[in-house]
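1. Quick one: sequence and predicted model below, then my questions.
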Amino acid sequence: MLAGSSIEKALVWLAGDRLRSSHPDESVVRDAERGGVKLVAKVPLAEFEQQDIVRVSYPPYDVVVVKTESGFHALEDACNHAGASLSEGWVEDGCLMCPVHAYAFKLETGALVRPKGLCADQRTFQTRTEGPNLLVYDPFKLVLIG
Ligand code: FES
C-alpha cells in the first residue's frame, strides 16, 4: 500500500489535502488518498437472530451494527453529542436514535438528521456477509506527516 520509505513517516488518522502539497512522491500521495480498509470484527450472523442492534468492540469508540430490512448498517457507537452508546438506542424512520437525547443519525450515512447542526455526523463503517459471519470494515484515509 505505501512504499517502504514512506512508512518511516508518521501515520495519522486525518483527512485533508495537506499531503499533496507537502509530499514529493506523487504515488505515495495517490495511495494515501485511496486509503484502505481495516477489518474491525467478524460478527456471527446468529447474533442478529435475537436482536437487531449489536455493539462491536473497537476502541476507543466502538461500532454499532444495525440489522434492517435493507441490510446491515454500521456506525461509530459513541454518540458525537455526548458519548452515549448508540447501541442502547432504537431505530426510527431509517435513523438510529440516541438513547440519551434522542438525536437521530441516518443509518446509511451517519448524518445527523435532527436536531440539525448540534453535533457532527457519526462515522460509518462498511459491512458484508461472508458465510456465517458479518464482516465489519473501517475505511480510512492515511495522511503522512513528514
Ligand atoms: S448523547 Fe447522544 S444525543 Fe446526546
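-> It's in. Numbers count the residues shown, from 1 in each chain.
2. So the chain: which segments form each domain?
-> Recorded structural domains for the chain (assignment: automatic domain parsing) are 4-36, 38-139.
3. For the helix or strand encompassing L75, buried residues please.
-> Following DSSP states H and E, the helix or strand that holds L75 is strand 71-76. Buried positions in strand 71-76, judged by neighbour count with 16 or more other CB atoms under 10 Å: 72-76. Every residue, glycine included, has its C-beta placed from N, CA and C.
4. Could I get the phi/psi values of the residue nearest to G94 when sequence neighbours are not counted?
-> In space, and not counting its chain neighbours, G94 is closest to L107: 5.7 Å by CB to CB, 6 or more residues apart in numbering. Note on L107: backbone dihedrals following degrees, to the nearest 10 are phi -60, psi -40.
5. Of the domains of the chain, flag the one that's most buried.
-> Neighbour counts averaged per stretch over the domains of the chain are highest for domain 38-139, at a mean of 16; criterion: mean count of other CB atoms under 10 Å.
6. tell me the pLDDT at the nearest residue to N133 once chain neighbours are set aside?
-> With CB to CB, 6+ apart as the measure, K42 is the residue that lies nearest to N133, at 4.4 Å, once sequence neighbours are left out. Here, the pLDDT recorded for K42 equals 97.
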